[in-house]
Structure formats: structure tokens, C-alpha cells
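>>> Fold the following.
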Amino acid sequence: MQTDAELNLLDSSNITIPDYYETLESRGYATYHFTKKEPVKNCHRFYELSYQPGLWSQHCLQRTWGRIGSMRPSNLCEEFEDAEAALKALKVSVSRRLKRGYNVACSPS
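Numbering: from 1, shown residues only. Have a look, this model is predicted:
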């Protein structure tokens, strides 16, 4: 079952994610955990997105993905010059995961 935030993402043509973006400066990070389970297709995947401010004015969007239970998940750290570009990439990635059938397992509250 999808949460209200997920339904807002899917129903609107303009991508909107809950209002935690305004408070990222005070919190400093945001993490989303997604899962996709389709036993008929033997598909048991996870995807994690994490926004973190860096030490020297850069902003990092950390992506981790793989099969649930895997000992070696894949990782990618994408660095941005400003927070707006990092958050825009985060919004695009969140909407892409939801469109591809992933469910939000845990998100910022």
C-alpha cells in the first residue's frame, strides 16, 4: 500500500516530495529506502538514496542498490556544487524508483 506522499508523487505531473526539503539545512541529511519484491519474477531488490552535505561545501547524493541480502551491493556517490542541484537529482531519483514499481520502505519523517 502506498503512502500519501507516494500518491502525491505519482498523481501530480509536477514532482513534489514532502516538505522536508525546507528543513534539510537544519537536519543535514535525508535518506530513502526502497524495496521491490516480485517472487514470480525472482526479483528481490533494494535501492537507497542518501543526501549528505560534504565537509568542503560539496553535496553528495549516495546511491546504493542490489539484491536484498546481497553481500556486495553497488554504490555510487555523486557530488554537486550546491544543495539545489543535489535535491533536484534526489527528487528525480525518487520519482524514477516509484515509477519502476519500488515501494518506500523508510523515508524522512
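
>>> so where is this protein shaky, pLDDT-wise?
1-29, 107-109 (pLDDT under 70).

>>> could you pull out the helices for it?
Under the criterion DSSP state H, the chain contains helices at 4-11, 24-27, 83-99.

>>> So the residue of the chain most remote from its centre versus Val104, what's the distance?
Distance to the chain centre peaks in the chain at Val40, reaching 25.4 Å (criterion: CA atoms, centre = their mean). Look at Val40 and Val104: by CB to CB, to the nearest Å, they are 22 Å apart. Backbone N, C-alpha and C define where each C-beta goes, glycine included.

>>> give me every residue that touches the residue positioned nearest the centre of the chain.
With distances taken as CA atoms, centre = their mean, the residue of the chain nearest its centroid is Leu49 (3.7 Å). Residues in contact with Leu49 (CB atoms under 8 Å, 6 or more residues apart in numbering) are Thr31, Tyr32, Phe34, Leu61, Gln62, Arg63, Leu90, Ser93, Val94, Arg97.
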